[in-house]
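Novice: How does the following fold in three dimensions:
(one chain, ligands or ions: 1)
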Amino acid sequence: MISELVLCVVEEKNPEFWRAQAQTTLKSALSRKLNTNVAKNIVLFLGDGMGITTITAARILKGQLENQTGEETVMTMDTFPYVGLAKVYSVDFQIPDSAATATAYLCGVKTNLNMVGLSAAAQNGVCRTQKGNEVTSILKWAKDAGKSVGVVTTTRVQHWYSDADMPASAKRDGCTDIAAQLINNTDIDVVIGGGRKYMTPKGTVDPEYPLDRSSLGKRQDNRNLIDEWISMKKEKVAHYVWNKKEFDAVDPETTDYLMALFEPGDMRYEVERDPLMDPSIIETTEKAIRILQKNPKGFFLLVEGGRIDQGHHASRASMALHEAVALDNAVARSLQLTNEDETLTIVTADHSHSLSFNGYPFRGNSILGKSPLYGQDLLPYTTLMYGNGPGHKIIDNKRPDIRSNKTESRLGPNVMETESRLSPSECEPDSKLGPNETETKSRSRPK
Ligand SMILES: [Zn+2]
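Specialist: Residues are numbered from 1 along each chain as shown. Here you go, the predicted model:
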């Protein structure tokens, strides 16, 4: 690290270094030709809870994982030529959640908090109000256009309901759970993530964790949605897999449909992943693209880094940031497998988190470490902090002394203690590479 820092600093002390860098950036922006093609394929990367602070911290972590100082690192998503910001409030709340935002970025409609696939005319928690207020999504639009569609995530693919989690009133009103909707709504060609137990009858023993009671099947209606899905696809080449070995054996060239569920619930965090049992988000993204891109009419693929959010909820910045780095690596893999002339690639987030980046850490200081300067109470503090969430402590009117704490796994200081982190509404960055669809649509129409 020290020799890297010395190298960096030597060139950075030369004013010409910065001016040349600015010139290169400017020239590349000016010489870029506007891509006015109609996008045949869309790959949408969604970092759940990946706000701007998370992106900055993940960028530094990515560099530090490669033994660089980190700050100067360029993530793959940073190389995209177009960047914008989106306002992410809900119709009824100042802040959004993952459901309302999913409705916004997949269906193009802002809605109420906790509602997915419904307009704001429906009421949160009142299932009978959903009738007539359903909105269609880009998955359906893509299917109607003859394209293939896929969803890849690192969480449960149902996120999170089986019928066992539904209130009795919702069942009485004839509403169905998300797991059932997953197989009965839009015909999705590729579904990859976790969530086996929401698909199988109550008490079904999990193949990977046969002794674990929390991994048992949950469904009260006794339906086995995996079996149902397989029989629905009988006419086609459809594979259901639940481990890495089976996953690797799936030949994208001959596969029409793939459902891969690697865990009973969410997939494991990237840093805790068993590479012999579960593939990385890079591998799942690649498999999905290879299956979907056989369709001559194109495809739509959503790749969600879903556990960035979950790491933040638990005050585990390290987990969240490693997930964000993995998502960026999946973006890189996707760019290698697709062509900018026909594929629109978007990287964005649904909402932010209360992560802040502060203090005066020296260049190259671990992004998960402590500031070298102490507070007025003569105690150190971490570079990254959360505004709320688990871990807040004041003892005898003092902050805890973290000098001997390893901050790499969990961060301490929060302004306010809550059971889990609350999601703030921060403008979300969108980066875009490839054809500009809006622009193209108006240009390609005959005048
Ligand atoms: Zn979210």
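
Novice: Against residue 113, how distant is the residue of the chain found nearest the ion?
Specialist: Closest to the ion within the chain is residue 98: 3.0 Å, counting by C-beta to the ion. Quick note: C-beta positions are derived from backbone N, CA and C, even for glycine. From residue 98 across to residue 113, the span is 10 Å (C-beta to C-beta, to the nearest Å).

Novice: Residue 21 now?
Specialist: Distance from residue 21 to residue 113, counting by C-beta to C-beta: 43 Å.

Novice: Just want to know which of the two has more residues nearby.
Specialist: Neighbour count, other C-beta atoms under 10 Å: between residue 21 and residue 113, residue 113 has more, with 18 against 13.

Novice: Need the pLDDT of that one.
Specialist: Looking at residue 113, its pLDDT stands at 95.

Novice: and what of residue 203?
Specialist: Reported pLDDT for residue 203: 97.

Novice: again with the one 3 residues further on
Specialist: According to the model's per-residue confidence, residue 206 sits at a pLDDT of 98.

Novice: ok, now which ones touch it?
Specialist: Neighbour list for residue 206: 196-197, 212, 215-217, 264 [criterion: C-beta atoms under 8 Å, 6 or more residues apart in numbering].

Novice: which of these count as buried?
Specialist: 196-197, 215-217, 264 (16 or more other C-beta atoms under 10 Å).

Novice: wait, what's in contact with the closest residue to the residue of the chain closest to the ion other than its chain neighbours?
Specialist: In space, residue 98 comes closest to residue 350 once its chain neighbours are excluded; the distance is 5.4 Å by C-beta to C-beta, 6 or more residues apart in numbering. Counting by C-beta under 8 Å, 6+ apart, residue 350 touches 46, 48-49, 88, 96, 98, 101-102, 105, 428.

Novice: The same query, at a cut-off of 6 Å, please.
Specialist: By C-beta atoms under 6 Å, 6 or more residues apart in numbering, residue 350 lies in contact with 48, 98, 101.

Novice: Leaving out sequence neighbours, find the closest residue to the last one.
Specialist: In this case it means residue 101. Distances taken as C-beta to C-beta, 6+ apart place residue 350 nearest to residue 101, at 3.6 Å, with adjacent residues excluded.

Novice: And for the first one?
Specialist: In space, not counting the residues next to it along the chain, residue 48 is nearest to residue 309; the distance is 3.8 Å by C-beta to C-beta, 6+ apart.

Novice: packing partners for the host helix or strand of the one you found?
Specialist: Per DSSP states H and E: residue 309 is located in helix 307-313. Counting contacts by 3 or more C-beta pairs under 6 Å, 6 or more residues apart in numbering; DSSP states H and E, helix 307-313 packs against helix 317-337.

Novice: by how many degrees do whatever helix or strand comes next after the helix it packs on and helix 317-337 diverge?
Specialist: With elements assigned by DSSP H and E, the helix or strand that comes after helix 317-337 is strand 343-349. Strand 343-349 runs at 170 degrees relative to helix 317-337, counting by axes from the mean of the first three to the mean of the last three C-alpha atoms, to 10 degrees.

Novice: Just the endpoints, please. Distance across stretch 378-390?
Specialist: 23 Å (C-alpha to C-alpha, to the nearest Å).

Novice: Mind listing what's buried along that stretch?
Specialist: 380-390.

Novice: ok, now which ones touch residue 373?
Specialist: Applying C-beta under 6 Å, 6+ apart, the residues near residue 373 are residue 360.

Novice: got a list of contacts for the helix holding residue 309?
Specialist: Here helix 307-313 makes contact (C-beta under 6 Å, 6+ apart) with 47-50, 154, 269, 319-320, 323-324, 353, 420-421.

Novice: For the stretch 1-150 of the chain, what lies in contact range of the ion?
Specialist: Proximity of the stretch 1-150 of the chain to the ion is confined to 48, 98 under the rule C-beta under 5 Å from the ion.

Novice: I meant to write the stretch 301-447 of the chain there.
Specialist: Within the stretch 301-447 of the chain, the positions near the ion by C-beta under 5 Å from the ion are 309, 350.

Novice: So, low pLDDT: which residues of the stretch 301-447 of the chain?
Specialist: Along the stretch 301-447 of the chain, the model assigns pLDDT under 70 to residues 408-447.

Novice: which residues in this protein form strands?
Specialist: 41-47, 82-86, 148-156, 190-194, 238-241, 257-261, 299-305, 343-349, 355-357, 384-389, 414-417, 428-433 (DSSP state E).

Novice: okay, these in CSV with distance to residue 173 next?
Specialist: Listed next are the strands of the chain as CSV, based on distance: least, C-beta to C-beta, whole Å:
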stretch, distance to residue 173
strand 41-47, 30
strand 82-86, 33
strand 148-156, 24
strand 190-194, 27
strand 238-241, 31
strand 257-261, 28
strand 299-305, 29
strand 343-349, 33
strand 355-357, 39
strand 384-389, 35
strand 414-417, 37
strand 428-433, 33
